[in-house]
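Chemist: got a structure for you, letters missing:
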């Protein structure tokens, strides 16, 4: 079992490293060009929407059908709604704290709200992905430590790792859009993936219990990501819509297509 935990740790460290590579794309922006960053913000929105279904809801439904006594539609819907409600409540808490901190100015810090919501949603998304990798390796003990099963676990880790590249950019680029430096945007972007090694180890240790919890965790993260993408990122990237009506929209379409391609191709 210890070897499987170490393998899960190594695999999720790899997925975190790919997140860091994605976050590093922010270094290519010498100055925050509003047009380019709106395109990237739209791309990030498309990535999050596609990941919500292909990486989260679809696996949640499949796992619920396999391990849950409750109907899969109930498990996925409950998790999804709780994820959206959690982010809504988080937004209210952040807004309240911002308003209190800026009481002398008489208005909340909207920029801080957007940043916290974005980083929190991507981080929540990475937790069940780390759990999924940990479960895949931990299940080798019960399913048989064969070359075929091992390759299946490695495939899951590789697929999640490749998906993490655009997700790293989905954090760092919007932060750059908000005026953060390239270094700080990168550090926060890569930090959003650091929960995966922790979740991977937990998933490997508690594989029996995690298998039952995972459908809820996956759909919970999907609800959180959809709310942030629709409520925060898409309106933000459409601010210059009159001058370039479809520029940011094509970024959303492109981000969705890239994430869907990765998920379907590597699924």
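Modeler: The structure has been received and is ready for your questions. Keep in mind that this is a model prediction, so the values were computed, not measured.
Chemist: This structure: strands as residue ranges?
Modeler: Shown for the chain, no strands are assigned by DSSP state E.
Chemist: Least confident secondary structure element in it?
Modeler: None of the helices or strands of the chain scores lower by mean pLDDT, DSSP states H and E than helix 140-143, at a mean of 63.
Chemist: what stretches of the stretch 151-267 of the chain score poorly on pLDDT?
Modeler: Within the stretch 151-267 of the chain, the ranges that satisfy pLDDT under 70 run 152, 159, 163, 207-210, 241, 243, 266-267.
Chemist: Show me the helices in it, by range?
Modeler: Assigned by DSSP state H, counting those that start in this stretch, the helices in the stretch 151-267 of the chain fall at 182-191, 195-205, 207-228, 234-237, 247-266.
Chemist: Report pLDDT for residue 9.
Modeler: Listed pLDDT for residue 9 reads 91.
Chemist: ok, and the closest non-adjacent residue to it?
Modeler: Using C-beta to C-beta, 6 or more residues apart in numbering and skipping residues adjacent in sequence, the residue nearest residue 9 is residue 201, 5.4 Å away. No exception for glycine: its C-beta is placed from N, CA and C like everyone else's.
Chemist: is it true that that neighbour touches residue 4?
Modeler: No. Contact criterion C-beta atoms under 8 Å: residue 201 and residue 4 do not qualify, at 10.3 Å.
Chemist: what do those two both touch?
Modeler: Counting by C-beta atoms under 8 Å, 6 or more residues apart in numbering, no residue touches both residue 201 and residue 4.
Chemist: ok, residue 27 - contacts?
Modeler: By C-beta under 8 Å, 6+ apart, residue 27 lies in contact with 182, 186.
Chemist: run the last query once more with 6 Å
Modeler: Contact partners of residue 27, counting by C-beta atoms under 6 Å, 6 or more residues apart in numbering, are residue 182.
Chemist: Repeat that for residue 151.
Modeler: Applying C-beta under 6 Å, 6+ apart to residue 151 gives no contacts.
Chemist: phi, psi of residue 69?
Modeler: Torsion angles at residue 69 (phi, psi; degrees, to the nearest 10) stand at phi -80, psi -20.
Chemist: Count the neighbours of it for me.
Modeler: Counted with other C-beta atoms under 10 Å, residues neighbouring residue 69 total 7.
Chemist: Return the distance of it relative to residue 116.
Modeler: 36 Å (C-beta to C-beta, to the nearest Å).
Chemist: Residue 221 reaches residue 56, doesn't it?
Modeler: Yes. Using C-beta atoms under 6 Å, residue 221 is in contact with residue 56, at 5.4 Å.
Chemist: Please work out how many residues are found near the closest residue in space to residue 223 that isn't next to it in sequence.
Modeler: If the residues on either side of it in the chain are set aside, residue 223 comes closest to residue 83, at 2.7 Å by C-beta to C-beta, 6+ apart. Counted with other C-beta under 10 Å, the neighbours of residue 83 add up to 27.
Chemist: again, but for residue 73
Modeler: Neighbours around residue 73, by other C-beta under 10 Å: 11.
Chemist: nearest residue to it other than its sequence neighbours?
Modeler: Closest residue to residue 73 apart from its sequence neighbours, by C-beta to C-beta, 6+ apart: residue 61 at 7.6 Å.
Chemist: Check residue 86 too.
Modeler: Here the residue nearest residue 86, using C-beta to C-beta, 6+ apart, is residue 224, at 6.1 Å.
Chemist: OK, contacts around that neighbour?
Modeler: Contacts of residue 224 were listed using C-beta under 6 Å, 6+ apart, and they are 83, 87, 121, 124.
Chemist: I figured residue 214 hits residue 63, correct?
Modeler: Yes. At 5.5 Å, residue 214 counts as touching residue 63 under the criterion of C-beta under 6 Å.
Chemist: re the thing from before, quick check, nearest of the contacts of residue 224 to residue 42?
Modeler: residue 121 (16.3 Å; C-beta to C-beta).
Chemist: Quick check: that closest one vs residue 62, distance?
Modeler: In terms of C-beta to C-beta, residue 121 sits 23 Å off from residue 62.
Chemist: One more: residue 50?
Modeler: Residue 50 is 17 Å from residue 62, by C-beta to C-beta.
Chemist: I am finished for the moment; much appreciated.
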